[in-house]
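K.L.:
Predicted structure and sequence below. I'll ask about it afterward.
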There are 2 protein chains.
Amino acid sequence: MVLAAARAAFAEKGFDGATIRGIATAAGVDPALVHHYFGTKDALFLAAVEAPADPAELLPEVLAGGPGALGENLLRTFLRLWDGPRRPAALALIRSAVGSEWTARLLREFLVTRVLRRVVSTLDASPEEREARGSLVASQLVGLVMARYVLRLEPLASATPESLIAALAPTLQRYLTGEVSLPAPG
Amino acid sequence: MVLAAARAAFAEKGFDGATIRGIATAAGVDPALVHHYFGTKDALFLAAVEAPADPAELLPEVLAGGPGALGENLLRTFLRLWDGPRRPAALALIRSAVGSEWTARLLREFLVTRVLRRVVSTLDASPEEREARGSLVASQLVGLVMARYVLRLEPLASATPESLIAALAPTLQRYLTGEVSLPAPG
């Protein structure tokens, strides 16, 4: 199975380390066949993760307002996805990642390489700083998903998207471009 | 089974609505027996949720510094619990809540009635405002757990507790006592 081999490769080697050639070999098929059915490595990765959306398609509107509007635009796009018809698929991905170490690795790889690195790519900062800021953003966004859709904590669960943006976008904006002491290993 | 009946009652009726008498009746035993083996309703609830810690025991140190230090003290106590030997039990509770609607209800009830309401109890605000502020705090704390311990996003996963406190306590403090637009239903 090509998708099973892809999941194993992406989880083990990461997005950058895995190759279509290696995945094809592991699955016992010709690389040309993998290209034919799945297209690019990017598309194969989205299929392997069962991603509910292609971040590359949503990115332009997130970045459109510049770094100063990044927090608000990111949250607005994020909530539109989560409040839309793809929520069950997105929730299934979170559930699967919480239950399985391998899916957790895939989801982390997806978040880091497909979402966070792109969102922070326009920031004027070192790669380490961008990664640290991105991880803080992820902690608030994943927590919002857990509180609103999994635990259904009120008033977050029934709050309007606009009121959530007003409450949380300042946090995201601070993590992205504000004064923040960055998390660091000891 | 008393614990199964307790889980069902707490998930269905909430902590305030469930009674030891009702739980005993559902389990087909004498209420005195439930009191004898589990003590108070509070203790029975902690057992039913399989809570990794008793929030009531941790609360004094969280509240000790007053409202102005609540964000930092809450996060420090939270990280000490999660970085300690009870992490597997705490993670098991999160995993279970993500996989089961019933455990999600129990965990929500636990968070709201045993943790959040007590943490915000000293704030000078209406019950609605306290609940909204508490839910924002929960969204960042649960997200930290997901990012650091489940997804193991770097640098959050290997960051020192002190660097996490420096990064995230200002967010919690703003949610608790700062200027924040509160999430509201439409």
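P.N.:
That came in fine, so what should we check first?

K.L.:
Any residue of the helix or strand encompassing A:E162 touching chain B?
P.N.:
Using DSSP states H and E, A:E162 sits in helix A:161-177. Yes - residues of helix A:161-177 contacting chain B under CB under 8 Å from any CB of the partner chain: A:163-164, A:166-168, A:170-171, A:174. The way it works is simple: take the backbone N, C-alpha and C, and place the C-beta from them, glycine included.

K.L.:
Neighbour-wise, which one of these leads?
P.N.:
In terms of neighbour count, A:L168 stands highest of the residues of helix A:161-177 next to chain B at 29 neighbours, by other CB atoms under 10 Å in any protein chain shown.

K.L.:
rewinding a little: report the angle between the helix holding A:E162 and helix B:161-177.
P.N.:
Computed by axes from the mean of the first three to the mean of the last three CA atoms, to 10 degrees, the angle separating helix A:161-177 from helix B:161-177 equals 150 degrees.

K.L.:
Give me the nearest residue to A:R105, chain neighbours excluded.
P.N.:
Of all residues not flanking A:R105 in the chain, A:A11 sits nearest, at 4.3 Å (CB to CB, 6 or more residues apart in numbering or on different chains).

K.L.:
helices or strands next to the helix or strand hosting that neighbour in the packing?
P.N.:
According to DSSP H and E, A:A11 maps onto helix A:2-17. Contacts defined by 3 or more CB pairs under 8 Å, 6 or more residues apart in numbering or on different chains; DSSP states H and E place helix A:2-17 against helix A:20-27, helix A:31-38, helix A:41-49, helix A:101-109.

K.L.:
domains for chain A, by residue range?
P.N.:
A:1-49, A:52-186 (automatic domain parsing).

K.L.:
Can you add pLDDT and give the residues of helix A:161-177 next to chain B back as CSV?
P.N.:
Compiled in CSV, the residues of helix A:161-177 next to chain B are given as follows (pLDDT from 0 to 100):
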residue, pLDDT
A:S163, 97
A:L164, 98
A:A166, 98
A:A167, 98
A:L168, 98
A:P170, 98
A:T171, 98
A:R174, 98
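
K.L.:
Nearest to chain B: which residue in chain A?
P.N.:
A:G143 (2.1 Å; CB to the nearest CB).

K.L.:
For the residue sitting nearest the centre point of chain A, which non-adjacent residue is closest in space?
P.N.:
Geometric centre of chain A, nearest residue: A:L111, 2.9 Å, by CA atoms, centre = their mean. Nearest non-adjacent residue to A:L111, counting by CB to CB, 6+ apart: A:A138, 5.9 Å away.

K.L.:
Correct me if wrong: that neighbour contacts A:V119.
P.N.:
No - between A:A138 and A:V119 there is no contact under CB atoms under 8 Å: 9.5 Å.

K.L.:
before we move on, back to that, can I assume the residue nearest to A:L111 sits in a helix?
P.N.:
Yes - assessed by DSSP: H, G, I helix; E, B strand; the rest coil, A:A138 belongs to a helix.
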